[in-house]
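In: the sequence and its predicted three-dimensional model are supplied below.
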Amino acid sequence: MGLFQLYSSAMHYVYILHLENGQHYIGCTEDLKKRLGKHNHHAVPTTSRIRPDELAFYAAFNSKGKAYAFEKYLKSSSGFAFRNKRLI
């Protein structure tokens with residue numbers, strides 16, 4: 001795969017939001033800026049009643065599969081510990 005092909009493919013983002021109530025929301029998206037706007041305008045059902053306080057972490061992946069696998073890991077019990085110790 002050439003360098004141009006690597007950068008021309010869409011990136012996928014895994015992100016962690018710190019919510020007003022002290023909890024965290026973990027999500028995955030192809031357009032991080034647009035998705036954060038939806039969270040801020042209460043257009044995401046999961047965070048519609050609890051405002052996001054800040055973007056605590058994000059990572060970019062060039063593969064949708066890898067991004068969703070990392071999101072799933074962060075939502076697991078061992079991923080929860082990793083998140084709290086290393087990411088936030």
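Out: That came through fine. Computed from a prediction, not measured in an experiment: that's the story for all the values here. Numbers count the residues shown, from 1 in each chain.

In: for the residue sitting nearest the centre point of the chain, which non-adjacent residue is spatially closest?
Out: By CA atoms, centre = their mean, the chain has its centre lying nearest to Tyr15, at 1.8 Å. In space, and not counting its chain neighbours, Tyr15 is closest to Tyr58: 4.1 Å by CB to CB, 6 or more residues apart in numbering. Placement of C-beta: from N, CA and C, glycine included.

In: residues contacting the one you found?
Out: Going by CB atoms under 8 Å, 6 or more residues apart in numbering, Tyr58 touches Tyr13, Val14, Tyr15, Ile16, Leu32.

In: among these, which two are most distant?
Out: Farthest apart among the contacts of Tyr58 by CB to CB are Ile16 and Leu32. That separation is 11.8 Å.

In: please identify the helix or strand for His42.
Out: For His42, there is no helix or strand it lies in under DSSP states H and E.

In: count of residues packed around the residue lying closest to it once chain neighbours are set aside?
Out: Nearest non-adjacent residue to His42, counting by CB to CB, 6+ apart: Ser48, 4.4 Å away. Using other CB atoms under 10 Å, the number of residues around Ser48 comes to 12.

In: repeat for the one 3 residues further on
Out: Counted with other CB under 10 Å, residues neighbouring Arg51 total 13.

In: quick check, Gly79 in a strand?
Out: No. Read with DSSP: H, G, I helix; E, B strand; the rest coil, Gly79 is helix and lies in no strand.

In: just checking: what are the partner strands of the longest strand along the chain?
Out: Of all segments of type strand in the chain, defined using DSSP state E, the longest is strand 52-61. Counting by DSSP bridges, the strands paired with strand 52-61 are strand 12-19 (antiparallel).

In: re earlier: wait, the residue nearest to the centre of the chain sits on Thr29?
Out: Yes. Under the criterion of CB atoms under 8 Å, Tyr15 makes contact with Thr29 at 7.2 Å.

In: that older thread, give me the pLDDT for the residue nearest to His42.
Out: We note a pLDDT of 89 for Ser48 in this prediction.

In: check Met11 too.
Out: 95.

In: find the nearest non-adjacent residue to His24, please.
Out: Ile16 (5.5 Å).
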